[in-house]
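>>> I would like the atomic coordinates for the input below:
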Amino acid sequence: MMTEQVKGPASYFPSIEKTYGRPIEEWQAVVRAAPGYGAGAKHMELVALLKDEHGMGHGHANAVVAYTLAQDKA
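From the prediction side, this is the model:
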């Protein structure tokens, strides 16, 4: 039996949860609660918020933001 390999931003999730000790859903809530979210906040502004206020690395922050924005756009 073959399992499909996770690709894209979600491939970072196990590492993010292990590194920062919080589930992805909590990080998505942080992004969604950011000032201006849904009202034109820029992708990189949201990445900077996770990096500056929560100490997240760039790749991890980018993955959470990209995944959250894609989910909410659907």
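
>>> kindly format the C-alpha coordinates of the helix or strand harbouring Thr19 as PDB.
Element membership of Thr19, judged by DSSP states H and E, is helix 13-20. What follows is helix 13-20, C-alpha atoms only, in PDB (Å, rounded to 0.1, in the frame of the first residue of the first chain):
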ATOM      1  CA  PHE A  13       3.400  21.000   9.200                       C
ATOM      2  CA  PRO A  14       4.900  18.200  11.200                       C
ATOM      3  CA  SER A  15       8.100  20.100  11.600                       C
ATOM      4  CA  ILE A  16       6.300  23.300  12.500                       C
ATOM      5  CA  GLU A  17       4.200  21.600  15.200                       C
ATOM      6  CA  LYS A  18       7.300  19.800  16.600                       C
ATOM      7  CA  THR A  19       9.500  22.900  16.600                       C
ATOM      8  CA  TYR A  20       7.000  25.400  18.000                       C
END
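
>>> just the C-alpha atoms of the helix or strand just after that helix, please, in CSV.
Going down the chain from helix 13-20, the next helix or strand is helix 24-32, by DSSP H and E. Taking Å, rounded to 0.1, in the frame of the first residue of the first chain, the C-alpha atoms of helix 24-32 are listed here in CSV:
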residue,chain,number,x,y,z
ILE,A,24,-1.2,24.2,12.8
GLU,A,25,-4.8,25.2,13.6
GLU,A,26,-3.5,27.5,16.4
TRP,A,27,-1.0,29.1,14.0
GLN,A,28,-3.7,29.6,11.4
ALA,A,29,-5.8,31.3,14.1
VAL,A,30,-2.9,33.7,14.8
VAL,A,31,-2.7,34.6,11.1
ARG,A,32,-6.5,35.1,10.9
